[in-house]
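Trainee: model this:
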Amino acid sequence: MTQLNTDPRAATIAADPTVPAIHITRDFRATPAQLIRAHTDPEIVPLWMGPAKRTMAVDYWDARSGGSWRYVDTTDDVELGFHGCFHEISDERIVQTFTFEGMPEGVALETMTFEDLGDGLTRLHAKSLCDSFEARDGWLASGMETGVDEGYRALDGLLTEGRV
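Mentor: Presented below is the predicted three-dimensional model:
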């Protein structure tokens, strides 16, 4: 797999050479339950997800197996909508779809698992399966690593402050 980040404090982002998928791995000083809450609580998600320079407004967020979600990101007065469905939320993983409304034909299937490493550490494994190599490569070329790394650093701060 081709990796984008080599900074040990950053998430590892890798392109799968055999299927149009992106793999993200990141360690957190948190429990799996804290990370699941951080990814499913509509009051917490906007505090950390994405690049620091954007604001996120949740339109709706029904975090349960079979539920759906939508939010709007605003950066420099440009609004971008995203939506999806939660297929599964359990104690070990989240499975959901992800669609950028500017490209509604491109739907990714995302699976996040939370590996308890012991001693208060959890490794997040995320896989985004895109509908084509072109779509996957477009995500990778978009600068997504900035949003991933800035968002996860913000999540680290929330965890340290005891807000999650």
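Trainee: can you give me how far the helix or strand containing residue 152 is from the chain middle?
Mentor: Secondary structure assigned from DSSP states H and E places residue 152 in helix 144-160. Helix 144-160 has its C-alpha centroid displaced from the chain centroid by 10 Å (CA atoms, centre = their mean, to the nearest Å).
Trainee: same check, this time on stretch 18-25
Mentor: That offset, for stretch 18-25, works out to 13 Å (CA atoms, centre = their mean).
Trainee: give the contact list for the closest residue to residue 155 other than its chain neighbours.
Mentor: Spatial nearest neighbour of residue 155, chain neighbours left out: residue 48 (4.1 Å); criterion: CB to CB, 6 or more residues apart in numbering. C-beta: built from backbone N, CA, C; applies to glycine. By CB atoms under 8 Å, 6 or more residues apart in numbering, the residues touching residue 48 are 38, 151-152, 154-155, 157-158.
Trainee: show the buried residues in the residues you listed.
Mentor: For these, a neighbour count by 16 or more other CB atoms under 10 Å gives the buried set as 38, 151-152, 154-155, 158.
Trainee: for residue 56, state which of those residues is nearest.
Mentor: Proximity of these to residue 56 (CB to CB) peaks at residue 151, which lies at 9.9 Å.
Trainee: so the closest one makes contact with residue 46?
Mentor: No: assessed by CB atoms under 8 Å, residue 151 is found out of contact with residue 46, at 10.6 Å.
Trainee: neighbours around residue 117, how many?
Mentor: By the criterion of other CB atoms under 10 Å, residue 117 has 12 neighbours.
Trainee: repeat that for the one 3 residues further on.
Mentor: Under the neighbour criterion other CB under 10 Å, residue 120 is assigned a count of 11.
Trainee: so how far is residue 27 from it?
Mentor: Using CB to CB, to the nearest Å, residue 120 is found at 11 Å from residue 27.
Trainee: cool, residue 21 as well?
Mentor: 21 Å.
Trainee: more neighbours, the two?
Mentor: Per other CB under 10 Å, whichever of residue 21 and residue 27 has more neighbours is residue 21, with 20 against 16.
Trainee: that one bridge partners, please.
Mentor: residue 129 (DSSP bridges).
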